[in-house]
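J.: give me a 3D structure for the following:
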Amino acid sequence: MNGPSKLIASEDQWNTQMGLVFPGKRVVFRGKDLFRDLKDLRWMELLRYGITGRFFDPKQIRLFEGIWSLGTSYPDPRIWNNRIASLAGTSRSTATLGIGAAIAISEATVYGRGPDVKAIDFFFRTKRALDNGEILSDIVRNELEKYRGIAGYARPFVNDDERIKPVTELATSLGFGNGNYLGLAYEVEKTLLKLRYRIKMNAAALGAALAADQGLSCYEYYLYLTPAFIGGMLPCYIEAAGKEEGTFLPFACDRIEYIGPSNRSWD
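T.: Okay, the predicted model is just below:
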């Protein structure tokens, strides 16, 4: 079917395998009864089940929680997406609007979701290439030549990433320190150094490798990370909302270098 016929066929109906609410009775969540079958799940477990349709063991859930809490929960209002939350607070917008906008700009090319998705995609592509007999150093060179960088490696301002150590320690304590993709992530770093690129792994590569080892696809990983920054955003909003209105990082007009048309004369 094409054109209006598609809309007519869908009028007043929506076939879903995700869920339905039967008011006053029950809620179906991916084929399970939310109040009976899923009532004992932690929120992260329910989130993971909603995204993947699969259940994960408690250690995996603790790992997914740790990637969020240790890797993305920075309450620093200078961070690009947290700044939106603070601006919402200082302008007296609501927390819902402010956090929603902050999450929306988290889909950045250089920071946030962009590198996260590119990093896990890189590991999947690299693993397939290695399985087909290609050499890692050649793969790395080709990636650098094609994209001028490798997602998950290098970091603006500083080369070391303070998140690597605590997240790696958590993963190791849970028994996830020897995964294939995690090993590949470190091998890529070693290869970069051998090729005389002073580029180290950052948290995007680490999180992507750990997620790949737990069987997440690119899309599932992206969906899982969508609300990840909220832990740091809310404190920024709260602080800005509690101070005098409009005082968050004001910028004097005389600091702006304007090179556009001059003022118009109304004579």
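J.: contacts for stretch 226-238?
T.: Contact partners of stretch 226-238, identified using C-beta atoms under 8 Å, 6 or more residues apart in numbering, comprise 67-69, 71-77, 79, 81-83, 85-86, 88-89, 95, 98-99, 102-103, 106, 112-113. C-betas here are computed from N, CA, C, even on glycine.
J.: which of those are buried?
T.: Using 16 or more other C-beta atoms under 10 Å as the burial test, these include 67-68, 71-72, 74-75, 77, 79, 81-83, 85-86, 88-89, 98-99, 102-103, 106, 112-113 as buried.
J.: now, those residues that are in strands?
T.: Among these, the subset assigned to strands under DSSP state E is empty.
J.: contact partners for D160?
T.: Taking C-beta under 8 Å, 6+ apart, one finds K200 in contact with D160.
J.: against G71, how distant is it?
T.: D160 sits 15 Å away from G71, going by C-beta to C-beta, to the nearest Å.
J.: can you tell me how far the closest residue in space to A212 that isn't next to it in sequence sits from T126?
T.: Ranked by C-beta to C-beta, 6 or more residues apart in numbering and with sequence neighbours excluded, the top spatial neighbour of A212 is Y181, at 4.0 Å. Distance from Y181 to T126, counting by C-beta to C-beta: 9 Å.
J.: again, but for E65
T.: Plainly put, E65 is 27 Å away from T126 if you go by C-beta to C-beta.
J.: who has more neighbours, these two?
T.: Legend: neighbour count by other C-beta atoms under 10 Å for E65 and T126, higher for T126 (21 against 15).
J.: contact partners of stretch 26-43?
T.: Taking contacts as C-beta under 8 Å, 6+ apart, the residues outside stretch 26-43 that touch it are 17-22, 46, 49-50, 53, 61.
J.: which of those residues sit farthest apart?
T.: F22 and I61 (28.5 Å; C-beta to C-beta).
J.: sorry, back to before: which one of the contacts of stretch 26-43 is nearest K146?
T.: K146 lies nearest to G53 out of these, by C-beta to C-beta, at 34.3 Å.
J.: what residues are up against that closest one?
T.: Residues in contact with G53, defined by C-beta under 8 Å, 6+ apart, are R30.
J.: mind checking pLDDT for it?
T.: What the model reports as pLDDT for G53 is 97.
J.: please tell me how far it sits from R78.
T.: Remark: distance between G53 and R78 (C-beta to C-beta) = 39 Å.
J.: how about A151?
T.: Taking C-beta to C-beta, one finds A151 at 23 Å from R78.
J.: just G231 next, same as before
T.: G231 sits 16 Å away from R78 when distances are taken as C-beta to C-beta.
J.: who has more neighbours, the two?
T.: When neighbours are counted by other C-beta under 10 Å, G231 and R78 differ, and G231 comes out ahead with 14 against 10.
J.: going by secondary structure, the more buried one is in what exactly?
T.: Following DSSP states H and E, one finds G231 within helix 230-241.
J.: what mean pLDDT does that helix get?
T.: The average pLDDT within helix 230-241 is 98.
J.: and what of stretch 70-77?
T.: 95.
J.: what sits against G112?
T.: 81, 105-106, 229.
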